[in-house]
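J.: Here is my input, please return the structure:
(one chain, ligands or ions: 2)
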Amino acid sequence: MRYLPLFHDTRHLKVLVVGGGEVAARKVALWARSQATITIVSPALVPSLSERVANGTVNHIPSPILEQHLDGQDGVVVATDDAELNRQVAHWARARRQWVNVVDDPEACSVITPAIVDRSPIVVAIGSEGAAPVLVRTLRAQLETLLPTSLGQLAEFIGGQRQRVQQAVAQPRALWERFVARNGLSWNETSPALLTELEQQVDSETESGRIWWVAAGVEAGLLPIDALPQLQRLDRVVLVDEPSERLTELWRRDASVHRIGECGAEQVNAWLAQGEQLLLVAASQSPWQAHWPQLQVLAPGQVPD
Ligand SMILES: C[C@@]1(CC(=O)O)c2cc3[nH]c(cc4nc(cc5[nH]c(cc(n2)[C@H]1CCC(=O)O)[C@@](C)(CC(=O)O)[C@@H]5CCC(=O)O)C(CC(=O)O)=C4CCC(=O)O)c(CCC(=O)O)c3CC(=O)O
Ligand SMILES: NC(=O)C1=CN([C@@H]2O[C@H](COP(=O)(O)OP(=O)(O)OC[C@H]3O[C@@H](n4cnc5c(N)ncnc54)[C@H](O)[C@@H]3O)[C@@H](O)[C@H]2O)C=CC1
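T.: Ligands and ions are numbered 1, 2, ... in the order given. You can find the predicted model right below:
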């Protein structure tokens with residue numbers, strides 16, 4: 001990954017937009033959806049930008065860009081019609097360790113803008129590292145139809161309940177997994193009642209520990225799609241042999257990773273007794289079957305229970 005996606009908290013962010021044409025206006029329209037403070041520097045403005053200046057939602061410096069205009073800004077969006085000037089501004093910004101986005105010039109950019117599916121607080125950002133904007137746009141359009149409009153409302157509901165649930169039940173993650181599996185991705189009026197019902201259920205049962213085996217050299221892309229939820233539920237990964245990089249990307253990022261030589265089989269038994277979900281990564285399954293007869297297999301072509 002040459003470009004790493006991150007979500008900026010824009011509440012205290014200051015952004016300078018250089019240029020006041022239609023292209024700058026499109027960039028300002030994007031930034032205006034955030035909470036950043038926007039300042040435009042440009043001798044002239046198109047009407048939609050003049051309007052934003054008039055109603056006080058953006059600041060305006062009516063002059064050609066000078067290096068000192070970058071003072072105090074977190075980042076810069078450059079959109080004049082002078083490619084050489086755009087590069088110069090990008091150079092100033094980079095020298096000051098400010099981020100910079102230059103329209104039509106990916107090489108001069110330190111950040112690029114993704115296509116966005118906005119179901120705030122759920123936000124999907126799609127990028128192609130500058131390679132294929134139309135493909136990105138098409139993918140965005142498909143996701144728009146796939147993600148229910150009430151997804152954001154559902155996320156807000158969950159966000160509002162999480163702290164209470166953390167105190168109220170022993171296994172919050174098991175509860176949320178079951179809730180999302182049963183409720184689906186839409187908010188509906190029965191969602192709160194479903195949560196209450198499931199809360200009472202998970203409290204009266206403790207999840208039993210499970211241990212899965214996956215071959216260290218497995219072709220990760222060939223694992224059955226049904227294995228993915230299991231990998232996303234893992235508490236720990238126990239390494240006998242080194243996993244392929246693709247495999248490490250599939251398991252839950254918060255799962256802790258141990259080497260069998262360091263933690264030992266006894267420790268693994270203790271984790272299982274606590275109801276944890278474990279993944280054993282080893283070249284072969286048979287020597288470990290003796291330790292854990294309940295060992296389940298994640299392998300291409302094999303659908304997990
Ligand atoms: C680097 C980046 C600039 C940045 O970060 O600002 C960039 C660069 C360039 N775009 C070009 C062209 C087009 N871009 C689009 C569309 C989008 N382009 C977007 C982002 C980005 N475009 C950034 C990389 C993002 C990434 O890949 O991850 C999207 C996702 C978001 C957004 O624009 O905010 C938005 C879809 C949003 C949506 O639908 O949701 C279309 C299609 C259309 O408009 O319908 C075309 C015409 C077809 C074509 O030319 O492919 C050209 C050639 C210009 C020329 O010379 O003519 C360059 C320059 C070059 O590639 O050198
Ligand atoms: N208009 C479009 O749909 C597209 C435009 N582009 C490119 O994007 C760039 C910008 O496009 P437009 O906004 O349409 O151009 P534009 O010519 O309408 O606007 C350029 C803006 O830059 C400002 N400017 C010029 N010199 C400046 C300086 N020294 N300091 C600060 N501001 C300055 C001008 O006042 C003007 O507001 C151009 O390079 C164009 O080739 C690319 C794809 C599509």
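J.: what about stretch 286-296, distance to the chain center?
T.: 35 Å (CA atoms, centre = their mean, to the nearest Å).
J.: Name the nearest residue to T37, ignoring sequence neighbours.
T.: K14 (5.0 Å; CB to CB, 6 or more residues apart in numbering). To be clear about C-beta, it is placed using only N, CA and C from the backbone, and glycine gets the same treatment.
J.: Next one: that neighbour from ligand 1, what distance?
T.: 19 Å (CB to the nearest ligand atom, to the nearest Å).
J.: For burial, what's the neighbour tally of that residue?
T.: Neighbour count of K14, defined by other CB atoms under 10 Å: 15.
J.: Can you check the pLDDT for it?
T.: What the model reports as pLDDT for K14 is 98.
J.: and if you look at S204?
T.: As predicted, S204 sits at a pLDDT of 67.
J.: ok now do P192, which residues does it touch?
T.: By CB atoms under 8 Å, 6 or more residues apart in numbering, the contact list for P192 reads F157.
J.: hang on, the earlier thing: backbone phi and psi for the residue nearest to T37, please?
T.: Dihedral angles of K14 (phi, psi; degrees, to the nearest 10) stand at phi -110, psi 120.
J.: wait, it sits on S34?
T.: No. Here K14 does not reach S34: they are 11.7 Å apart, not a contact under CB atoms under 8 Å.
J.: Which parts of the chain are strands?
T.: Here the chain has its strands, by DSSP state E, at 14-18, 37-41, 59-61, 75-78, 99-102, 115-119, 122-126, 210-215, 236-239, 256-259, 277-282, 296-298.
J.: which outside residues touch the last one?
T.: With contacts defined as CB under 8 Å, 6+ apart, strand 296-298 is touched by 210-214, 218, 223, 227, 230-231, 279, 285, 304-305.
J.: Break this structure down into its structural domains.
T.: 14-113, 150-203, 210-297 (the TED database).
J.: Identify all contacting residues around stretch 183-190.
T.: Applying CB under 8 Å, 6+ apart, the set of residues contacting stretch 183-190 from outside is 147-148, 150-151, 153-154, 157, 191, 194.
J.: And those, which of them are buried?
T.: 147, 150-151, 153-154, 157, 191 (16 or more other CB atoms under 10 Å).
J.: Correct me if wrong: Q277 contacts Q232.
T.: No. Here Q277 lies out of contact with Q232, judged by CB under 8 Å, at a distance of 9.8 Å.
J.: For this structure, what lies in contact range of ligand 2?
T.: Applying CB under 6 Å from any ligand atom, we find that the chain lies next to ligand 2 at 18-24, 41-44, 64-65, 79-82, 85, 103-104.
J.: circling back to that earlier point, so which of the contacts of stretch 183-190 comes closest to G264?
T.: L194 (41.3 Å; CB to CB).
J.: before we move on, back to that, quick one: which of Q277 and Q232 has more around it?
T.: Using other CB under 10 Å, the more surrounded residue of Q277 and Q232 is Q277, with 23 against 14.
J.: so how far is ligand 1 from the more buried one?
T.: 35 Å.
J.: Now do the same contact list for that residue.
T.: Q277 neighbours (CB under 8 Å, 6+ apart): 207, 209-210, 212, 230, 233-236.
J.: Quick check: bridge partners of it?
T.: For Q277, the beta-bridge partners are R210 (DSSP bridges).
J.: what are the ranges of the helices in the stretch 1-150 of the chain?
T.: With DSSP state H, counting those that start in this stretch as the criterion, the stretch 1-150 of the chain has helices at 22-31, 47-54, 83-95, 133-146.
J.: May I see the ones you listed organised as TSV, with mean pLDDT, mean neighbour count and distance to ligand 1 added?
T.: Listed next are the helices of the stretch 1-150 of the chain as TSV, based on pLDDT from 0 to 100; neighbours: other CB atoms under 10 Å; distance: least, CB to the nearest ligand atom, whole Å:
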stretch	mean pLDDT	mean neighbour count	distance to ligand 1
helix 22-31	97	17	6
helix 47-54	98	15	16
helix 83-95	98	17	11
helix 133-146	96	13	3
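J.: Please produce a markdown table containing those helices, extended by distance to Q296.
T.: Below are the helices of the stretch 1-150 of the chain laid out as a markdown table (distance: least, CB to CB, whole Å):
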| stretch | distance to Q296 |
| --- | --- |
| helix 22-31 | 47 |
| helix 47-54 | 58 |
| helix 83-95 | 51 |
| helix 133-146 | 31 |
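J.: Determine which of those approaches H60 most closely.
T.: Closest among the helices of the stretch 1-150 of the chain, using CB to CB: helix 47-54, at 4.4 Å.
J.: how about the CA coordinates for that closest one, as CSV?
T.: Output in CSV follows, covering the C-alpha atoms of helix 47-54 (Å, rounded to 0.1, in the frame of the first residue of the first chain):
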residue,chain,number,x,y,z
PRO,A,47,-20.2,32.5,-7.8
SER,A,48,-20.7,29.3,-5.7
LEU,A,49,-17.5,30.2,-3.7
SER,A,50,-18.4,33.9,-3.4
GLU,A,51,-21.7,32.7,-1.9
ARG,A,52,-19.9,30.6,0.7
VAL,A,53,-17.6,33.6,1.5
ALA,A,54,-20.7,35.9,1.8
